[in-house]
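>>> Sequence first, then the predicted structure, then my questions.
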Amino acid sequence: MESQARGQPEAEQPEAEHPDAPRVRRQVEFYFSDDNLITDLHLLQCCGGRENLPVSISRIRGFRRMRQFKDKKMVVAALRKSTFLEVTEDGKHIKRKVPLRGKCLLDPDFLADGQEDDEIAYDPRSKRAVQHPVPLLPQEKKVLPPGVTKAMLKPTGFEDNHTEGPLAPAEAEEELAMYDPDKHFLDRMELAIQRFKQKRRMHEMYAKIFNKWMRFGGVDSEPRMFGGVSRQEMKDMTAEEIARSTATHHIPWDRDDPKKWSVDFVGVAEAFLSSYYPMTYSHIPSQVKIACQVLRSFFQYLIFHGVCPEYNQEIELAKKLCDKADFELPLVGRAGIVLPGAFNVAASTIFKGHHSGIYTGASEWFQQMDQDEKDRLQVDSIGMQDEKALATFKTGVTIFGTDDQVELLYTTGPALSGLRVMITEDVNLEVVSIAPSSRQTRDIYTSQNALWRHKYLDLAPLGKLFCKPIVIANSYEYDLPPSVDPSDNSASLPSAKEYEFWVEDEVLEECFVGMKMEATVLTLEGGVVVLDRVKAAMCSFYKWLPNELWMARKPKEVKVIKKFGDEEEEGEGEGGRGEEQVAKGEFSDEEGEE
């Protein structure tokens, strides 16, 4: 019998319970007991009182008396053996097996029923009444978007309402030493750039704009190669030494040359926000807000910390410019899309302008598409059909035109083939004033649309856009001799005439006084002026600086192109010299063999 017992496998012994398991059960059962739960406002917000909602075990483990139990698996295993509590299958939530009965702090009349212990003394000044209704706390962990961490949700310092608190005395003394007015301006700016980065959470979207802006302003940025500094080394450094040792942005001392560089906070901000940023990124309002906030936050830092008080007045103007850019850039983006408007597109289509011949809705390959594919591609929205163009143009001229201009509509043929384009010019324009359509004009268009309803035409009422020609500096001629001043525009000053364009109200809503445009203008016989094409729409403070050429930093390579036949002559020459050398015995095979 003994030998058989030894040959049999031993029965599995139950796993021993953790010594802290009873303490865990007692503590959590106390939390959910009737004596504690009815007055525990936080736990009531988690479980909903009589609703008996499951409560996150992770939240329970965060309570002060539960923080000593670090092993989560042990806590879950201990609570599963409770006769009073019930753990969910996934082990993440817990609730009472028998829901709470009676009233609790969640009920407005809880204290009125005499359930409050009046024998306990308390200070009335420290007692806060419960505000009903009491909101419940979520028990599920907040799901973050892909690629987003909790640290990324912390304040960055670029918020609209962000304000820096008062400096500690020690920190104030350090900054007074760092930003001493006796120091050179470039030295102070280098320190300010690094200190600003240390006090902001530079996420990718902020760092991208900040680094481009620094580069645009002449500040070099290079990674630290073999120059890391440990935290132990930083303990023995001053704030200025830490800033210098961890800096990645540097201002070369040649920027101090007044013949090549100048300090202009307003000018650099104007050129960056109005010229470089729209061409490099986009006009999306959320992205524009980020770009403007990065510049605004840095300007505020310079003023608050007294980095360069001699330029405070210019920095304040640059801050106001950021507010202006935040408003104008999205409008400019939308205006560039909707301009020149249906009336001017119609005129351009009729008189062989930029929009002529691009309508494909009547093409054979488009007609062969099914309706779903037509709706998806929306090819017929590109350009304008000739019949619609004639109706749009004739209606506009009939309403706004003079008697002579209206007469030309009836004397130049049904397709207006006899109406000529007198002048075609490429000009830079600035919006002087905007006049929306009058009530009378809208009533006329309403009646006209009723007549054209069978043609599926819906014409928008026209207003007026008044513009004047201006000169806009650009990079078309940047490589000039020293004798030519690139800022001298006296030879190309525009005339004093003013253009009047007829544009739809819905397009005028995206325009504003001061907006600049690079456009092509057609002047028809009879004096009708057509905005044929808007190549670019720009802010009212548009400015171009040679710094944009600096951003590319790719100088054109000078290549010497050989003429046809040079290689053959060169090869013959080398071959002839080689034959002479062989003849002299310099490269003979006999020497190699020896």
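Arrived safely, thanks for sending. Numbers count the residues shown, from 1 in each chain.
>>> Next one, pLDDT for Leu409 please.
Predicted confidence (pLDDT) for Leu409: 86.
>>> how about the closest residue to it other than its chain neighbours, phi and psi?
For Leu409, ignoring the flanking residues on the chain, the nearest one in space by CB to CB, 6 or more residues apart in numbering is Lys394 at 5.6 Å. Using the backbone N, CA and C atoms, a C-beta is placed for each residue, glycine as well. Listed backbone geometry of Lys394 is phi -70, psi -40, with angles given as degrees, to the nearest 10.
>>> now Lys394: how far from Val530?
With distances defined as CB to CB, to the nearest Å, the gap from Lys394 to Val530 amounts to 14 Å.
>>> Looking at those two now, which is surrounded by more residues?
When Lys394 and Val530 are compared on other CB atoms under 10 Å, the one with more neighbours turns out to be Val530, at 25 against 17.
>>> So what touches the lengthiest strand in the chain?
Within the chain, and with DSSP state E defining each element, the longest strand by residue count is strand 421-435. Among residues not part of strand 421-435, those counted as contacts by CB atoms under 8 Å, 6 or more residues apart in numbering are 351-352, 463-472, 494, 498-499, 508, 511-525, 532, 540.
>>> residues touching Gly336, list them.
Residues in contact with Gly336 (CB under 8 Å, 6+ apart) are 283, 534, 536-537.
>>> And Gln131, by the same measure?
Neighbour list for Gln131: empty [criterion: CB under 8 Å, 6+ apart].
>>> do the same with Gly91
Applying CB under 8 Å, 6+ apart, the residues contacting Gly91 are 57, 76.
>>> quick one: it and Leu85, what's the gap?
13 Å.
>>> same question, Arg255
Using CB to CB, which is the criterion applied here, Arg255 is 70 Å from Leu85.
>>> repeat for Leu37
Distance, Leu37 to Leu85, using CB to CB: 12 Å.
>>> in the stretch 251-400 of the chain, which spans are helices?
For the stretch 251-400 of the chain, the helices defined by DSSP state H, counting those that start in this stretch occupy 265-271, 277-280, 285-304, 312-338, 342-350, 364-367, 371-377, 386-400.
>>> the strands in the protein, which residues?
Counting by DSSP E, the segments of the chain that form strands are 55-56, 85-87, 93-96, 220-221, 249-250, 421-435, 462-470, 499-504, 516-524, 529-538.
>>> Quick one, which of those gets closest to Tyr301.
Nearest to Tyr301, of all those, is strand 249-250, at 14.0 Å by CB to CB.
>>> what does the closest one contact?
Outside of strand 249-250, the residues that reach it under the criterion CB under 8 Å, 6+ apart are 190, 193-194, 197, 214, 219-222.
>>> Could you say which of those residues is surrounded by the most neighbours?
Counting neighbours by other CB under 10 Å, Ile193 comes out on top of these with 24 neighbours.
>>> For the closest residue to Tyr542 other than its chain neighbours, give me the pLDDT.
Once flanking residues are discounted, Tyr542 sits nearest to Ser274: 4.4 Å by CB to CB, 6+ apart. In this model, Ser274 is scored at 93, pLDDT.
>>> Looks like Ser274 contacts Met538 (just checking).
Yes: distance between Ser274 and Met538: 6.2 Å, which falls inside the contact criterion (CB atoms under 8 Å).
>>> can you count the residues close to the residue nearest to Thr392 when sequence neighbours are not counted?
Counting by CB to CB, 6+ apart, Ala346 is the residue found nearest to Thr392 once chain neighbours are left out, at 3.9 Å. By other CB under 10 Å, 25 other residues sit near Ala346.
>>> dump the residue contacts of Ala346.
Listed by CB under 8 Å, 6+ apart, the contact partners of Ala346 are 384, 388-390, 392-393, 396.
>>> Need the per-residue pLDDT for Arg376.
Looking at Arg376, its pLDDT stands at 72.
>>> ok, now Asp566?
In the predicted model, Asp566 carries a pLDDT score of 56.
>>> for the one 3 residues further on, same thing?
Per-residue confidence (pLDDT) for Glu569: 50.
>>> Kindly report the same for Gln8.
For Gln8, the model assigns a pLDDT of 48.
>>> Make 7 the first number, not 1, from now on.
Okay, residue one is now 7; in that scheme the one you just asked about reads as Gln14.
>>> Let me know how buried Leu106 is, in neighbour terms.
Neighbourhood size, Leu106 [other CB under 10 Å]: 20.
>>> Out of the contacts of Gly342, who's the most crowded?
Taking other CB under 10 Å as the neighbour criterion, Ala543 ranks highest of these with 26 neighbours.
>>> Pull the contacting residues for that residue.
Remark: with contacts taken as CB under 8 Å, 6+ apart, Ala543 is in contact with 338-339, 341-342, 345, 521-523.
>>> Go through the residues you listed and say which is closest to Arg107.
Proximity of those to Arg107 (CB to CB) peaks at Gly339, which lies at 62.2 Å.
>>> need the contact list for the residue lying closest to that closest one once chain neighbours are set aside.
Counting by CB to CB, 6+ apart, the nearest residue to Gly339 once its immediate chain neighbours are dropped is His289, at 2.4 Å. By CB under 8 Å, 6+ apart, the contact list for His289 reads 335-336, 338-340, 342.
>>> what's the answer for Leu91, then?
Taking CB under 8 Å, 6+ apart as the contact definition, Leu91 lies against 31, 34-35, 38, 85, 100-103.
>>> State the pair within these that is farthest apart.
When CB to CB is used, the two most widely separated members of the contacts of Leu91 are Arg31 and Lys101, lying 14.8 Å apart.
>>> How is the chain partitioned into domains?
Structural domains of the chain, as assigned by automatic domain parsing, span the residue ranges 27-132, 178-234+241-343, 376-482+497-555.
>>> I'd like those domains as CSV, with distance to Val149 appended.
Converted to CSV, those look like this (distance: least, CB to CB, whole Å):
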stretch, distance to Val149
domain 27-132, 14
domain 178-234+241-343, 20
domain 376-482+497-555, 33
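>>> Let me know which of these is the nearest to Pro152.
domain 178-234+241-343 (14.5 Å).
>>> Now do that closest one: distance to the chain's middle.
Distance, stretch centre to chain centre, for domain 178-234+241-343: 17 Å (CA atoms, centre = their mean, to the nearest Å).
>>> how far does it stretch from start to finish?
The first and last residues of domain 178-234+241-343 sit 50 Å apart, counting by CA to CA, to the nearest Å.
>>> What residues does Ala421 make contact with?
Contact criterion CB under 8 Å, 6+ apart gives 356, 392, 396 as the residues in contact with Ala421.
>>> Please spell out the ChimeraX selection for the buried subset of those residues.
For the buried members of those, the matching ChimeraX selection, counting by 16 or more other CB atoms under 10 Å, is:
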select :356,396
